[in-house]
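> need the 3D shape of this:
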Amino acid sequence: MTPQPTPAAALFRALLSLRIEFEILTEKIAKAFRLNPGALGILDV
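Alright, predicted model coming up:
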């Protein structure tokens, strides 16, 4: 039987997954507007 992840580990995995999804979305938006993803990140700030 495999042990259940701790709540902290589950939260960390969820946040990591969310960050990856945001990176993918940022790349798609940057590509659509012909921007560098880094430049789009600066505009976010």
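> please count neighbours and contacts with C-alpha atoms only from this point.
OK.
> tell me where the model's unsure across this protein.
Residues of the chain meeting the criterion pLDDT under 70: 1, 44-45.
> give me that answer again for 80
By pLDDT under 80, the weakly predicted segments of the chain are 1-2, 40-41, 43-45.
> ramachandran coordinates for the one residue sitting closest to the centre of it?
Geometric centre of the chain, nearest residue: Arg19, 1.9 Å, by CA atoms, centre = their mean. Taking degrees, to the nearest 10, you get phi -60, psi -40 for the backbone angles of Arg19.
> measure Arg13 to Thr2 for me?
Distance of Arg13 to Thr2, computed by CA to CA, to the nearest Å: 17 Å.
> and for Pro37, the neighbour number?
By other CA atoms under 10 Å, 19 other residues sit near Pro37.
> which ones are touching it?
By CA atoms under 8 Å, 6 or more residues apart in numbering, the contact set of Pro37 is Thr26, Glu27, Ala30, Lys31.
> so for Arg13 and Thr2, which sits in the more crowded spot?
A direct count of neighbours by other CA under 10 Å for Arg13 and Thr2 places Arg13 higher, at 13 against 4.
> buried stuff in the helix or strand harbouring the more buried one?
Using DSSP states H and E, Arg13 sits in helix 7-32. Buried residues in helix 7-32, counting neighbours by 16 or more other CA atoms under 10 Å, are found at Thr26, Glu27, Ala30.
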